[in-house]
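In: sequence and predicted structure, then a few things I'm wondering about:
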Amino acid sequence: MRRTPSRLAITLLALLLAALVGLRACGDAGDSHRVAIHVGAVLPASGSLSSIGLPMLEAVRLAESDIRAAGGLLTITHADSGTDPAAAPAAVDWLLGEGVEAIVGAGASGVSQSFIETLYRERIPQCSGSNTSPAFSTQESAAYYIRTVPSDRAIAPLLAGLITDDGHGRVAIVARDDDWGRSLAGELARRLSESGVDLSVILYDPRQTTFDGEIAAVASSGAEAVVNLVFAEGVSLIRGLLDAGYGPHRQYLGNGLADPDLARLIDPDDATVVDGLRLVQPATRGSFNERITVPTPATAAYPAAVYDCVVLLTLAAEIAGSVDGERMMEALSDVTRHGTQCRSYGECSDLIRSGVEIDYVGVSGPIDFDGAGDVTVATYAVVTYRNGEFTTLALRDVALGPNE
């Protein structure tokens with residue numbers, strides 16, 4: 001005989017179902033701002049920027065781990081951009097085919113320029129922690145682009161100041177013929193010309209490996225000092241200039257070859273070969289780089305800035321409640337100002353879910369974007385080599401105006 005459930009059993013079952021629905025509703029409310037986002041990382045694991053690309057890649061992995069540990073719904077897919085603008089667009093197309101909703105990278109300004117139009121058309125937010133070309137500040141196709149490092153408009157006067165303080169009246173600038181090299185060479189030349197310095201600007205093809213012509217041009221210009229705006233391919237240029245009589249105190253570097261191992265690359269048998277050579281680079285004052293296991297200067301800015309890119313994109317999706325590009329860009333304009341300060345993804349995400357506006361202070365320091373997606377504060381390191389060791393001479397905080 002089939003037994004009919006008692007009224008008490010039915011009542012208890014109803015109460016149990018109601019409780020389960022209530023728990024589910026509470027869980028949904030707690031996750032109401034958790035938005036799943038798929039980010040593509042386009043960074044140089046190979047090529048002439050790999051020495052700074054590998055620390056950036058590790059920073060991305062650390063950000064992913066930290067965000068997921070704090071409950072964030074983040075997936076990252078990696079593609080090697082190298083430093084070839086001709087190859088990077090294919091990597092980005094592949095990532096878009098994989099369904100990424102935002103991009104971190106590229107490492108080099110010229111590489112980002114090779115696919116920024118694609119991201120503009122597709123309305124895909126992009127954040128770079130290492131692009132310093134001033135061009136991004138004003139171009140229309142950068143509407144979905146932000147960066148967590150400052151433009152070279154800020155680095156040029158600091159580098160020019162080193163050169164003029166040393167009393168050099170005639171200077172040669174040897175620069176990569178790409179977006180970064182041309183832009184920084186132009187800014188630096190303008191600053192030096194305003195100080196009365198005679199200049200020769202020599203551009204070279206980034207794909208070349210020998211520099212006999214450029215070294216001859218420097219010598220024939222009568223330059224007293226040389227500024228090398230190079231990536232890793234410039235090691236042979238620096239070596240050739242040393243052989244031509246341009247000692248390390250007469251050579252300066254831009255921020256494209258901030259390599260602690262430069263002395264060994266120039267001459268494995270002479271640890272002092274570049275002692276006295278100086279460069280200026282974006283820097284960070286925090287301790288984040290202690291988490292990076294590949295060789296990284298303590299003050300290097302790019303790993304921390306790339307980490308911040310990943311966090312910012314994830315927080316923007318949560319604030320927007322969507323991975324829609326336009327809504328994320330609107331959120332990014334406010335995520336670093338006017339709210340309650342927070343210093344990690346977990347802390348910031350908790351505030352967002354409580355309905356509180358946030359001001360994310362990154363591991364690279366305060367960010368505070370302007371209307372062009374540029375940071376408005378920055379720290380720079382003046383660096384030299386002593387006994388072959390990468391040594392910071394000074395850290396300088398700079399307040400930046402619009403598009404600086």
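Out: Here it is on my side, so go on.
In: can you give me the helices in the stretch 1-150 of the chain?
Out: When assigned using DSSP state H, counting those that start in this stretch, the helices of the stretch 1-150 of the chain occupy the ranges 7-30, 50-69, 88-97, 109-113, 116-122.
In: can you list contacts of the shortest one?
Out: It refers to helix 109-113. Contacts of helix 109-113 with the rest of the structure, by C-beta atoms under 8 Å, 6 or more residues apart in numbering, involve 42, 44, 81-85, 88, 105-106, 126, 128, 131-133, 135-136, 145, 176, 178-180, 183, 206. Backbone N, C-alpha and C define where each C-beta goes, glycine included.
In: if we can go back for a sec, and the helices of the stretch 1-150 of the chain, which one averages the lowest pLDDT?
Out: In terms of average pLDDT, helix 7-30 trails the rest of those, at a mean of 39.
In: looking at the contacts of helix 109-113, which are in strands?
Out: Among the contacts of helix 109-113, the residues falling in strands (DSSP state E) are 42, 105, 126, 128, 145, 176.
In: and the fifth one, how far from residue 340?
Out: Residue 145 sits 27 Å away from residue 340, taking C-beta to C-beta, to the nearest Å as the criterion.
In: looking at these two, which is more packed in?
Out: Between residue 145 and residue 340, counting by other C-beta atoms under 10 Å, residue 145 is the more crowded of the two (24 against 12).
In: wait, the more buried one sits on residue 128?
Out: Yes. Applying C-beta atoms under 8 Å as the test, residue 145 and residue 128 come out as touching, 7.5 Å apart.
In: and the helix or strand encompassing residue 173, what does it pack against?
Out: Here residue 173, judged by DSSP states H and E, is contained in strand 170-176. The contact analysis (3 or more C-beta pairs under 8 Å, 6 or more residues apart in numbering; DSSP states H and E) places strand 170-176 against helix 179-194, strand 198-204, helix 212-221, strand 225-229.
In: output the ones you listed as a markdown table; include the columns mean neighbour count.
Out: Formatted as a markdown table, the helices and strands packed on strand 170-176 follow (neighbours: other C-beta atoms under 10 Å):
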| stretch | mean neighbour count |
| --- | --- |
| helix 179-194 | 21 |
| strand 198-204 | 18 |
| helix 212-221 | 16 |
| strand 225-229 | 26 |
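In: residue 271: which of these is closest?
Out: Between residue 271 and the helices and strands packed on strand 170-176, the shortest gap by C-beta to C-beta is with strand 225-229, which sits at 20.1 Å.
In: can you spell out which helices and strands pack onto the closest one?
Out: Judged by 3+ C-beta pairs under 8 Å, 6+ apart, the packing partners of strand 225-229 are helix 152-165, strand 170-176, helix 179-194, helix 235-243, strand 251-253.
In: average pLDDT for that strand?
Out: 98.
In: list the buried ones in the strand holding residue 173?
Out: 171, 172, 173, 174, 175, 176 (16 or more other C-beta atoms under 10 Å).
In: for residue 226, state which of the residues you listed is nearest.
Out: Distances from residue 226 to the buried residues of strand 170-176, taken by C-beta to C-beta, are shortest for residue 172, at 5.0 Å.
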